[in-house]
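Engineer: Got a predicted structure here, sequence first:
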There are 4 protein chains.
Amino acid sequence: MLIQIDYHNGVPIYRQVLDQLRQQIVSGQLSEGQQLVSVRDLASELKVNPMTISKAYALLEMEGLVERRRGIGLFVAKVPKQRQSEIKTRIVQQILDRAVSTAIQLGIPQEQFQQLIARLFEKYDRQERQP
Amino acid sequence: MLIQIDYHNGVPIYRQVLDQLRQQIVSGQLSEGQQLVSVRDLASELKVNPMTISKAYALLEMEGLVERRRGIGLFVAKVPKQRQSEIKTRIVQQILDRAVSTAIQLGIPQEQFQQLIARLFEKYDRQERQP
Amino acid sequence: MLIQIDYHNGVPIYRQVLDQLRQQIVSGQLSEGQQLVSVRDLASELKVNPMTISKAYALLEMEGLVERRRGIGLFVAKVPKQRQSEIKTRIVQQILDRAVSTAIQLGIPQEQFQQLIARLFEKYDRQERQP
Amino acid sequence: MLIQIDYHNGVPIYRQVLDQLRQQIVSGQLSEGQQLVSVRDLASELKVNPMTISKAYALLEMEGLVERRRGIGLFVAKVPKQRQSEIKTRIVQQILDRAVSTAIQLGIPQEQFQQLIARLFEKYDRQERQP
DNA sequence: GTGGTCTAGACCACA
DNA sequence: GTGGTCTAGACCACT
């Protein structure tokens, strides 16, 4: 399965689908021209209402990351390398901004902050090698 | 007391109040034994319904960060230094976790990630000196 | 689902709902995965404002006894047998603690105390057989 | 100090004062004709609003356990032995009733219930010997 | 359909 | 004065 849904963390399901697809596109896991799984199939795979998937796909289309070919389906759009990298940076930067401003408000020194990050990178590195 | 509400970002008001008060308590801006602004006063200050504030206060009490003295008001509870620092770390770590896992998924190398952080710290440092 | 509200005993309605649901869950009358009556339905059944029910449900969720499935409803969560029995014991012990400490302060001997209990158990046994 | 107030358990302070005085009277710790501490003194001793003590005293008077002698103060009333014992039993029975009915609803067998009680009696016995 | 949030205004117990 | 509870009704996001 390509998408992981957490049904209990409060993040809307369509948002989880949207975010993960966006990431897969800009990171190249889904490549240009590749067809997306149909709304119906993905919905039944995730045991989720088709409307939910449909909403995620529509938003993805509005972002220009995906193209609709009528009667056929949705395909990953051509995204210029530069735009890809912009999106990537933007995604991370948005989250980081909150983290840093919070840390400063809490008086957590930059060194401790960097340590937390190093630990998290280790954690994910381990997971990647043996998921 | 300074609380900033963004009425249009979708985050429930009571949550914004709750989060900011929690931060002020664990960061020491609100100190032990200090009385919180009354529900009615804070509500009128923020131009918000008293129940909204009440809800935030109730959750804060359930977290044990605040104590009710019946008929008098709410006061910042004694929070052991260790618990304070646990909460602080937890708050930051929650946000950071998302940032790091996203960065990894996007293939952003740790070096670039650290650069982004350094830049953000600079930005907030500047703001602090001359807000 | 059977919930009895006493509108005049001073105990908040949301508390009565909360306590009774909690008991029904840990006693197994509501079983894992079962869907709770919707906020609106229970509210109209008890002739009470939906927010009152909502509050009880929210607290039940915070206790981890119930899970939200967004847009669908609330369901009884998986509660490990051990946790169930802890909660049960805690509920009874809280009440008993007061009873025993009071009895001791009043100089009521343990024998008389046990007699009172035996009589009460008889009374409820009778009721159960022919309510 | 003769009265212990718990400021954080939600029980109204006047009620804690009332209950404890009632118990002290029917258990003979306060004997017939003995003068109660003045409202003012007890209030300052407990660091509590005098109105709170006053309310407890007034309710005690309504129960007939205490007599007001105008200009002098309040005195423990003559309470016939039988009435004393009735009150004692009633106090304990009220609390026990809830405990037993709850235990039955939760399916806690009488044996386990008795064990809980035995344990509690031990606990309080220990405390009495070395408080 | 579901639950979550918020409002305006009321009443209550407590101190 | 304090906070707690409740109502009636509204709007929202999610499924």
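Structural biologist: Everything's here; your move.
Engineer: Which stretches in chain A count as strands?
Structural biologist: Secondary structure of chain A (DSSP state E): strands at A:66-69, A:73-76.
Engineer: Compile these into JSON lines and extend it with columns for mean pLDDT and distance to C:Leu106.
Structural biologist: Yep, even glycine has a C-beta here, placed from its N, CA and C like the rest. Written out in JSON lines, the entries for these read as follows (pLDDT from 0 to 100; distance: least, C-beta to C-beta, whole Å):
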{"stretch": "strand A:66-69", "mean pLDDT": "92", "distance to C:Leu106": "76"}
{"stretch": "strand A:73-76", "mean pLDDT": "92", "distance to C:Leu106": "76"}
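Engineer: Deepest in the core, which of those strands is it.
Structural biologist: Burial among the strands of chain A, expressed as mean neighbours by mean count of other C-beta atoms under 10 Å in any protein chain shown, is greatest for strand A:73-76, which shows a mean of 18.
Engineer: Helix B:81-105 and the helix ranked longest in chain A, what's the angle between them?
Structural biologist: Criterion DSSP state H: the longest helix present in chain A is helix A:81-105. Angle of helix A:81-105 versus helix B:81-105, following axes from the mean of the first three to the mean of the last three C-alpha atoms, to 10 degrees, is 180 degrees.
Engineer: Which strands or helices does helix A:81-105 pack on?
Structural biologist: In terms of contacts (3 or more C-beta pairs under 8 Å, 6 or more residues apart in numbering or on different chains; DSSP states H and E), helix A:81-105 is packed against helix A:13-26, helix A:110-129, helix B:81-105, helix B:110-129.
Engineer: Could you rerun that using 10 Å?
Structural biologist: Under the contact criterion of 3 or more C-beta pairs under 10 Å, 6 or more residues apart in numbering or on different chains; DSSP states H and E, helix A:81-105 touches helix A:13-26, helix A:110-129, helix B:13-26, helix B:81-105, helix B:110-129.
Engineer: Report the buried residues of it.
Structural biologist: The neighbour-count check on helix A:81-105 (16 or more other C-beta atoms under 10 Å in any protein chain shown) flags A:84, A:87-89, A:91-92, A:95-97, A:99-105 as buried.
Engineer: Return the two entries of those residues that lie farthest from one another.
Structural biologist: A:Gln84 and A:Gln105 (32.7 Å; C-beta to C-beta).
Engineer: quick one: low-confidence parts of chain A?
Structural biologist: Segments of chain A classed as low confidence (criterion: pLDDT under 70) are A:1, A:128-131.
Engineer: distance from the centroid: which residue in it tops it?
Structural biologist: In chain A, the greatest distance from the average C-alpha position (C-alpha atoms, centre = their mean) is reached by A:Gly107, at 30.4 Å.
Engineer: give the contact list for it.
Structural biologist: Applying C-beta atoms under 10 Å, 6 or more residues apart in numbering or on different chains to A:Gly107 gives the contacts B:26-29, B:88.
Engineer: mind redoing it with 6 Å?
Structural biologist: If you count contacts by C-beta atoms under 6 Å, 6 or more residues apart in numbering or on different chains, A:Gly107 has them with B:Ser27.
Engineer: ok, now A:Gly73?
Structural biologist: A:Gly73 sits next to A:Gln35 when contact means C-beta under 6 Å, 6+ apart.
Engineer: Same question for stretch A:4-23: list its buried residues.
Structural biologist: Along stretch A:4-23, these residues count as buried under the neighbour rule (16+ other C-beta under 10 Å): A:5, A:7, A:13-14, A:16-23.
Engineer: Nearest to B:Gln112 among the residues you listed?
Structural biologist: Checking the buried residues of stretch A:4-23 against B:Gln112 with C-beta to C-beta, the nearest one is A:Gln23 at 16.2 Å.
Engineer: In contact with that closest one: list those residues for me.
Structural biologist: The neighbours of A:Gln23, taking C-beta under 6 Å, 6+ apart as the test, are B:Gln105.
Engineer: rerun at 7 Å
Structural biologist: Under the criterion of C-beta atoms under 7 Å, 6 or more residues apart in numbering or on different chains, the contact partners of A:Gln23 comprise B:102, B:105-106.
Engineer: so can I have TSV of the residues you listed showing distance to DNA strand E?
Structural biologist: Listed next are the contacts of A:Gln23 as TSV, based on distance: C-beta to the nearest atom of the strand, whole Å:
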residue	distance to DNA strand E
B:Thr102	24
B:Gln105	28
B:Leu106	30
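Engineer: of all the residues you listed, which comes closest to DNA strand F?
Structural biologist: Top of the list for closeness to DNA strand F, among those and by C-beta to the nearest atom of the strand, is B:Thr102 at 18.7 Å.
Engineer: Residue numbers of chain A in contact with DNA strand F?
Structural biologist: On the criterion C-beta under 7 Å from any atom of the strand, DNA strand F has as its neighbours in chain A the residues A:12-15, A:48-49, A:51-52, A:55.
Engineer: distance of the residue nearest to A:Ser101 when sequence neighbours are not counted from chain D?
Structural biologist: Once its chain neighbours are removed from consideration, A:Ser101 has its nearest residue in B:Tyr124; the separation is 6.1 Å (C-beta to C-beta, 6 or more residues apart in numbering or on different chains). When distances are taken as C-beta to the nearest C-beta, to the nearest Å, B:Tyr124 and chain D turn out to be 38 Å apart.
Engineer: what number of residues lie near B:Tyr124?
Structural biologist: The tally of other residues near B:Tyr124 (other C-beta atoms under 10 Å in any protein chain shown) stands at 14.
Engineer: A:Leu96 against B:Ala99, yeah?
Structural biologist: Yes: with contacts counted by C-beta atoms under 7 Å, A:Leu96 reaches B:Ala99, the gap being 5.1 Å.
Engineer: ok, back up a step: could you dump the buried residues of stretch A:4-23 to JSON lines with distance to DNA strand E?
Structural biologist: Shown next, in JSON lines, are the buried residues of stretch A:4-23 (distance: C-beta to the nearest atom of the strand, whole Å):
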{"residue": "A:Ile5", "distance to DNA strand E": "17"}
{"residue": "A:Tyr7", "distance to DNA strand E": "13"}
{"residue": "A:Ile13", "distance to DNA strand E": "12"}
{"residue": "A:Tyr14", "distance to DNA strand E": "12"}
{"residue": "A:Gln16", "distance to DNA strand E": "17"}
{"residue": "A:Val17", "distance to DNA strand E": "17"}
{"residue": "A:Leu18", "distance to DNA strand E": "18"}
{"residue": "A:Asp19", "distance to DNA strand E": "21"}
{"residue": "A:Gln20", "distance to DNA strand E": "22"}
{"residue": "A:Leu21", "distance to DNA strand E": "23"}
{"residue": "A:Arg22", "distance to DNA strand E": "25"}
{"residue": "A:Gln23", "distance to DNA strand E": "27"}
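Engineer: Quick check: residues of chain A near chain C?
Structural biologist: Within chain A, the positions adjacent to chain C are A:7-8, A:12-13 by C-beta under 7 Å from any C-beta of the partner chain.
Engineer: Tell me which two of those sit farthest apart.
Structural biologist: Distance extremes for these: the farthest pair is A:His8 and A:Pro12 at 12.4 Å, using C-beta to C-beta.
Engineer: Please identify which of the buried residues of helix A:81-105 is nearest to D:Gly64.
Structural biologist: For D:Gly64, the nearest member of the buried residues of helix A:81-105 is A:Gln105. The distance, counting by C-beta to C-beta, is 59.7 Å.
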